[in-house]
Every structure is written in C-alpha cells, then in structure tokens.
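Trainee: any chance you can model this:
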Amino acid sequence: MHRIRAASKTGAELTDVTSGLTRLAMMTLNANPRLCARVMSGMFAIVLFAGVAAAEEAMQPLFEDFAAAPETRWHYVADGVMGGVSQGQSEIVRHGEYAAIRLWGRVSTDNNGGFIQVRRDIAGGLPSEAQGLRLSVRGNGETYYVFLRTHGLTRVWHSYRFSFTAPDHWSEIEMNFADFVPSHGDMPPSFDTRDLRRIGLVAYGQDYDADLTVRSIAVYD
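Mentor: Numbering: from 1, shown residues only. Predicted structure coming up:
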C-alpha cells in the first residue's frame with residue numbers, strides 16, 4: 001500500500017496565507033475588538049500547524065529536485081535494447097518555480113517488450129536509517145513503477161519494484177522500502193539501502209500511453 005496526498009504549500013505560499021490572515025484580523029479589530037481576539041487565536045493555530053508541517057517537510061533529505069544539470073544524471077532507456085517496440089522519450093521541463101522530469105510515450109508488449117523508463121545511478125547508496133521515498137508526481141491516471149537495483153543484482157531484468165497511480169494533479173506519494181517487491185523469485189526478499197545503486201521511473205507491463213512527470217524525490221526515515 002502507498003499513501004497519496006496533495007502537494008503541500010511552499011514557504012512562499014505560507015507567507016501569503018499569514019499576510020492575508022493578518023489583514024483580516026486588522027479589519028475585524030476596527031469592527032469588533034472581541035471578535036478580533038477570536039480571529040487572532042484561530043490565526044495563530046493555523047500558522048503554527050502550517051509551520052510545523054513546513055518544518056517537517058524541510059527535514060526530509062532531498063535526493064533529487066531536477067536542478068543543476070539533471071540531464072547528466074538521468075538517462076532514457078526503452079525495451080528496444082532487448083527487441084521490444086515501445087516508443088517514448090524524456091525531457092526536463094519547468095512547472096512554475098520547479099524543474100521536473102517528464103517521461104512519456106507508447107508502451108507496447110509486442111515482441112516481448114513492455115517498458116520505457118528514465119533512470120539514474122545512486123552514488124554511495126542511501127543511508128541505513130532511510131525508510132522510504134517520497135515523490136511529487138503528476139500523470140494521466142495510469143500505473144507507473146519505481147525500480148530499484150542493488151550492487152548484488154547481476155541480471156539486468158532484476159529489480160525491486162513499487163507500483164503507483166499518478167493522478168492528473170500534483171500529489172505526493174510515499175513508498176516504504178519494505179513495500180518494494182522483488183521482480184523474480186530467485187532474488188533476496190529485501191535489500192540494504194546502503195547497497196542501492198540505481199533508481200528508475202518506469203512505465204511498464206501493459207499496452208498504454210504513458211505520461212509521467214516527477215518534480216522531486218525525497219528520502220524519509
């Protein structure tokens with residue numbers, strides 16, 4: 001199981017909310033001082049809650065935000081390397097203040113194929129205390145995967161996999177490492193995060209039009 005939640009507000013958005021509530025309180029003060037006290041109390045609770053949420057988000061180590069030359073880290077691969085006929089591409093795009101990576105194309109299971117993906121290496125693995133990944137994604141309502149490979153996997157088709165649905169609006173999806181499943185029965189049932197060497201964003205396993213955009217990948221513990 002994975003959890004999906006709407007993308008949280010940025011610090012700039014939080015500042016806008018605080019400014020708006022302050023203006024409301026000053027207007028209320030002129031009309032009704034007693035009501036103003038109630039408004040100020042509610043405003044404090046809202047800002048405190050939002051501030052805690054923003055602080056918790058800021059504490060999540062950012063693994064990838066697709067800034068600073070992401071095209072040197074991420075590389076597109078399709079099933080043509082093994083005889084498949086899926087067609088697609090990837091690109092770095094901008095959504096407001098964010099950079100993101102977009103993977104799109106037509107996945108075909110013809111000729112023993114069935115995937116397009118964009119992937120990058122993980123130098124040095126991830127910390128031993130890491131519990132999972134949090135992705136900010138937007139898609140077209142289809143199913144996608146995160147593939148993880150470790151140094152101990154020698155066959156190119158072996159990976160640990162997590163599937164998720166990418167809705168048509170920005171959402172955050174949490175992926176606990178314990179919920180990744182081995183692709184083949186002869187693999188170890190779990191992995192050490194320190195041994196991870198590659199991550200892939202993948203459209204896989206069925207005939208469909210893929211369109212996935214990811215703007216951040218964070219590690220949580």
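
Trainee: in a strand, Gln206, correct?
Mentor: No. Gln206: not assigned to a strand; according to DSSP: H, G, I helix; E, B strand; the rest coil it is coil.

Trainee: residues contacting it?
Mentor: By CB atoms under 8 Å, 6 or more residues apart in numbering, the residues touching Gln206 are Val107, Thr109, Gly114, Thr143. C-betas here are computed from N, CA, C, even on glycine.

Trainee: out of those, which sit inside strands?
Mentor: Val107, Thr143 (DSSP state E).

Trainee: which of the contacts of Gln206 tops the neighbour count?
Mentor: Neighbour tally across the contacts of Gln206 (other CB atoms under 10 Å): the maximum, 25 neighbours, falls on Val107.

Trainee: give me the phi and psi for the residue sitting nearest the centre point of the chain.
Mentor: In the chain, the residue lying closest to the centroid (CA atoms, centre = their mean) is Leu135, at 1.3 Å. Leu135 has phi and psi values of phi -110, psi 140 when expressed as degrees, to the nearest 10.

Trainee: same question, Asn112
Mentor: Dihedral angles (degrees, to the nearest 10) for Asn112: phi 60, psi 30.

Trainee: bridging residues for Pro182?
Mentor: As for beta bridges, Pro182 partners with Tyr160 under DSSP bridges.

Trainee: on that earlier part again, tabulate the contacts of Gln206 (TSV), appending distance to Ala218 and pLDDT.
Mentor: Shown next, in TSV, are the contacts of Gln206 (distance: CB to CB, whole Å; pLDDT from 0 to 100):
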residue	distance to Ala218	pLDDT
Val107	27	98
Thr109	32	97
Gly114	29	96
Thr143	22	98
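
Trainee: next, the buried residues of stretch 212-221.
Mentor: With burial defined by 16 or more other CB atoms under 10 Å, the residues of stretch 212-221 counted as buried are Leu212, Thr213, Val214, Arg215, Ser216, Ile217, Ala218, Val219, Tyr220.

Trainee: identify each buried residue in stretch 84-97, please.
Mentor: Neighbour counts over stretch 84-97 (16+ other CB under 10 Å) mark Gly84, Val85, Ser86, Gly88, Ser90 as buried.
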